[in-house]
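K.L.:
Can you look at this prediction? I've put the sequence above it.
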Amino acid sequence: HSGPFWESEYAEIIYWRDIPTDASFTSPNYNAQAQESISASFWKAKYLTFEMDDAGWNNMRLGLENVMLLAHSMGRTLVMPPRRQLAHGLIDASGSKVISFNDFYDIDAINTKQKGLNIITMDQFLEREALNGHLKSKIDGAIMYPPNNQLRWDNERLDPLWKYIRNVTKTFKWNPKQCVLSFPAAGTDEQHLFSMMADVLVGKDGRPFPHFSEYQGRPVNVNAPPIERFREILAGRRKICMYDRKIHEDNPVVHFKADQVDGTRLITQFYAFLWFEDWRHDLWSKRFIRDNLRYNNEIMCLAARIINSLRNHARKRSPGNIDGIYDAVHIRRGDFQQQFPMTEMDANEILEGLKEHIAPGSALFIATNDRDISFFRPIQEVYDVSFLGDFGNILSGINPNYFPLVEQIVASRGRIFIGTFFSTFSAYISRLRGYYSVKEMHDGHMTGALQNTYFLPAKWKKEMSLYQAIHKPLYGRDFPVAWRDIDRLELG
């Protein structure tokens with residue numbers, strides 16, 4: 001991928017691990033004979049289909065993280081959606097904005113490596129199950145075929161396909177804002193988890209309903225009893241969603257919608273929605289996302305080249321900066337302020353926020369969706385500013401839809417990072433910084449705190465400086481449970 005070729009130039013971007021025991025881990029729901037059979041036998045595979053979120057990349061990423069784990073946990077083959085136009089996407093060399101998750105992740109490698117997770121395309125699913133008359137109406141049981149018997153839906157209008165899929169599959173009304181999707185430990189029934197929820201609601205043990213502030217600076221041990229781990233992640237939610245044996249046995253295909261009306265969009269962090277009674281399964285899920293669902297090598301290598309160039313620039317400008325230290329900020333503008341008007345800041349207000357943490361004259365990398373660079377002139381007058389576009393010699397010939405993802409990696413390696421609160425783009429950078437903090441044993445890593453990660457506006461600037469339990473808005477930031485103490489490998 002055109003380098004870097006020296007370990008000293010790429011080692012710093014590697015936060016993931018290769019753990020053989022994780023790759024062989026399967027869910028209690030996984031039936032290898034059914035899921036891995038390619039013949040028309042008694043054993044029938046079960047599937048999970050899902051819709052890409054209609055918003056930008058990071059909302060799509062959140063959805064994929066959820067469904068990857070849902071498919072594995074439910075013991076179902078994951079069906080990838082067709083390629084489609086990327087909202088807020090950029091036109092590539094072929095004049096297209098059409099993308100699939102395979103463009104950004106090595107889905108084939110995940111499919112090959114991870115036991116208990118089989119992944120196929122929508123074309124393969126429709127050919128295997130729909131055209132053979134295996135998909136039936138949920139209303140009257142009649143066999144239903146795809147619209148016009150169409151198999152290939154890449155870059156097509158997808159409404160007819162999703163209408164068909166919704167008619168022949170089990171869909172859910174699980175809203176991550178309202179319920180915690182719970183998976184009982186192997187060999188146990190589901191009812192005891194409902195009983196646990198009921199006990200929490202009535203305060204059976206004499207404690208009031210938990211509030212996230214109880215856990216500020218006081219994380220629950222990752223291997224604590226289920227009731228304690230459960231209380232910590234409730235975030236005010238008073239219901240359990242349950243994937244039980246009846247749903248599993250009765251439904252060949254389950255489908256996850258991306259519906260803005262009924263609240264079923266999976267635009268929340270996977271660890272804030274999915275809860276596993278078995279703490280080992282819970283930690284495996286967090287490692288799986290960290291170690292497998294990472295940007296592909298082309299993107300990571302591109303980011304490493306930008307980082308090396310940025311560090312060299314910082315060294316040349318300030319010979320005393322022998323490590324090439326730079327700081328980073330993500331400034332989200334445009335339509336974002338229409339949705340979150342409380343984040344509206346002019347350049348001078350942003351500058352004052354930066355000066356609280358970053359010394360004037362420092363090398364500063366700005367990640368932004370704003371193409372009007374003149375907006376940042378007051379900041380450029382105080383800092384040695386670089387944008388991704390300043391590295392055109394490195395970016396030449398690269399798919400421009402990689403650029404925001406590269407910005408995330410570059411920003412995550414800054415000494416100090418200041419993000420935009422409510423932005424899932426900034427939130428993911430903070431999670432990456434959490435992964436790096438554990439690997440590099442930064443101050444606070446034992447509790448999940450990030451000492452040099454902040455947000456704007458100032459109301460939220462210190463959200464990451466002290467451990468906090470999951471709380472609403474679930475998407476506004478990432479939480480330390482994603483990276484704190486997840487490398488215990490007692491899978492059993």
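P.N.:
Looks like it came in fine.
K.L.:
all helices in the stretch 51-200 of the chain, in order from the N-terminus.
P.N.:
57-74, 107-113, 122-125, 159-168, 191-202 (DSSP state H, counting those that start in this stretch).
K.L.:
Between these, which one is closest to Ala235.
P.N.:
Using C-beta to C-beta as the measure, helix 191-202 is the one of the helices of the stretch 51-200 of the chain that comes nearest Ala235, at 12.8 Å. Heads up, the C-betas are built off the backbone N, CA and C, glycines and all.
K.L.:
With just CA atoms, put the closest one into CSV.
P.N.:
What follows is helix 191-202, C-alpha atoms only, in CSV (Å, rounded to 0.1, in the frame of the first residue of the first chain):
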residue,chain,number,x,y,z
GLN,A,191,-36.7,-15.3,32.5
HIS,A,192,-34.1,-14.7,35.2
LEU,A,193,-32.9,-11.6,33.3
PHE,A,194,-36.4,-10.2,33.3
SER,A,195,-36.5,-11.0,37.0
MET,A,196,-33.2,-9.1,37.5
MET,A,197,-34.7,-6.1,35.7
ALA,A,198,-37.8,-6.2,37.9
ASP,A,199,-35.6,-6.4,41.0
VAL,A,200,-33.7,-3.3,39.9
LEU,A,201,-37.0,-1.4,39.2
VAL,A,202,-38.5,-2.1,42.6
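K.L.:
Redo the helices of the stretch 51-200 of the chain as JSON lines? Include distance to Gly476, mean neighbour count and mean pLDDT.
P.N.:
Shown next, in JSON lines, are these (distance: least, C-beta to C-beta, whole Å; neighbours: other C-beta atoms under 10 Å; pLDDT from 0 to 100):
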{"stretch": "helix 57-74", "distance to Gly476": "12", "mean neighbour count": "23", "mean pLDDT": "96"}
{"stretch": "helix 107-113", "distance to Gly476": "28", "mean neighbour count": "15", "mean pLDDT": "97"}
{"stretch": "helix 122-125", "distance to Gly476": "32", "mean neighbour count": "18", "mean pLDDT": "96"}
{"stretch": "helix 159-168", "distance to Gly476": "28", "mean neighbour count": "17", "mean pLDDT": "96"}
{"stretch": "helix 191-202", "distance to Gly476": "24", "mean neighbour count": "14", "mean pLDDT": "96"}
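K.L.:
Those: which one's closest to Ile325?
P.N.:
Taking those one by one with C-beta to C-beta, helix 57-74 is closest: 26.8 Å.
K.L.:
Got the phi and psi for the nearest residue to Lys462 once chain neighbours are set aside?
P.N.:
Excluding the flanking residues, the one nearest Lys462 by C-beta to C-beta, 6 or more residues apart in numbering is Tyr454, at 6.7 Å. The phi and psi torsions at Tyr454 (degrees, to the nearest 10) take the values phi -140, psi 170.
K.L.:
and what of the one 4 residues further on?
P.N.:
Phi and psi for Ala458, reported as degrees, to the nearest 10, are phi -60, psi -20.
K.L.:
these two touch, right, it and Lys355?
P.N.:
No - with contact defined as C-beta atoms under 8 Å, Ala458 and Lys355 do not form a contacting pair (11.8 Å).
K.L.:
re earlier: of all the helices of the stretch 51-200 of the chain, which lies closest to Ala11?
P.N.:
Nearest to Ala11, of all the helices of the stretch 51-200 of the chain, is helix 107-113, at 20.5 Å by C-beta to C-beta.
K.L.:
hmm, who's touching that closest one?
P.N.:
The set of residues external to helix 107-113 that reach it, using C-beta atoms under 8 Å, 6 or more residues apart in numbering, is 23, 68, 80, 101-102, 117-119, 292-293.
K.L.:
Kindly report the same for stretch 389-407.
P.N.:
Contacts for stretch 389-407 (C-beta under 8 Å, 6+ apart): 57, 86, 89-93, 97, 99, 103-104, 295, 298-299, 302-303, 305-306, 309-310, 330, 367, 369, 388, 425.
K.L.:
Just the buried ones from those?
P.N.:
57, 86, 89, 92, 97, 99, 103-104, 295, 298-299, 302-303, 305-306, 309-310, 330, 367, 369, 388, 425 (16 or more other C-beta atoms under 10 Å).
K.L.:
List the buried residues of stretch 360-376.
P.N.:
Buried residues in stretch 360-376 (16+ other C-beta under 10 Å): 362-369, 376.
K.L.:
and what of stretch 462-469?
P.N.:
463-464, 466-469.
K.L.:
which among those gets closest to Tyr271?
P.N.:
Closest to Tyr271 out of the buried residues of stretch 462-469 is Ala469 (11.3 Å), distances taken as C-beta to C-beta.
K.L.:
Am I right that that closest one is in contact with Tyr215?
P.N.:
Yes - counting by C-beta under 8 Å, Tyr215 is a contact partner of Ala469 at 3.8 Å.
K.L.:
Determine the residues that are contacts of both of the two.
P.N.:
Shared contacts of Ala469 and Tyr215, defined by C-beta under 8 Å, 6+ apart, comprise Glu232.
K.L.:
Tell me which helix or strand comes right after the longest helix along the chain.
P.N.:
Taking DSSP state H as the criterion, the chain has its longest helix at helix 297-317. Going down the chain from helix 297-317, the next helix or strand is strand 327-331, by DSSP states H and E.
K.L.:
how long is stretch 99-108 end to end?
P.N.:
Stretch 99-108 stretches 16 Å from its first residue to its last (C-alpha to C-alpha, to the nearest Å).
K.L.:
That stretch: how far from the chain's middle?
P.N.:
Remark: stretch 99-108 is offset 14 Å from the chain centroid, using C-alpha atoms, centre = their mean, to the nearest Å.
K.L.:
Check the gap between the residue located most distally from the centre of the chain and Arg415 for me.
P.N.:
Centroid-distance maximum for the chain: Pro319 at 38.3 Å, with C-alpha atoms, centre = their mean. Here Pro319 is placed at a distance of 18 Å from Arg415 (C-beta to C-beta, to the nearest Å).
K.L.:
what does Asn312 give?
P.N.:
To Arg415, Asn312 is 16 Å away according to C-beta to C-beta.
K.L.:
likewise Pro480?
P.N.:
Shown here: Pro480 relative to Arg415, a distance of 20 Å by C-beta to C-beta.
K.L.:
likewise Leu86?
P.N.:
31 Å.
K.L.:
Count the residues that sit near Gln260.
P.N.:
Residues contacting Gln260 under the criterion other C-beta atoms under 10 Å number 12.
K.L.:
Tell me how many other residues crowd the closest residue to it other than its chain neighbours.
P.N.:
Spatial nearest neighbour of Gln260, excluding adjacent residues (C-beta to C-beta, 6+ apart): Asp54 at 7.8 Å. The number of residues packed near Asp54 is 15, by other C-beta under 10 Å.
K.L.:
Surely Asp54 and Ala87 touch.
P.N.:
Yes - applying C-beta under 8 Å, one finds Asp54 in contact with Ala87, separated by 6.3 Å.
K.L.:
Identify the contacts common to the two.
P.N.:
Common neighbours of Asp54 and Ala87 (C-beta under 8 Å, 6+ apart) do not exist.
K.L.:
For the residue nearest to Thr264 when sequence neighbours are not counted, which residues are in contact?
P.N.:
Distances taken as C-beta to C-beta, 6+ apart place Lys257 nearest to Thr264, at 4.9 Å, with adjacent residues excluded. Neighbouring residues of Lys257 by C-beta under 8 Å, 6+ apart: 51, 162, 166, 171, 264-265.
K.L.:
and with 10 Å instead?
P.N.:
By C-beta atoms under 10 Å, 6 or more residues apart in numbering, Lys257 lies in contact with 49-51, 162, 165-166, 169, 171-173, 264-266.
K.L.:
do the same with Phe421
P.N.:
Shown in contact with Phe421 (C-beta under 10 Å, 6+ apart): 332, 340, 342-343, 427, 454-461, 463, 473, 476-477.
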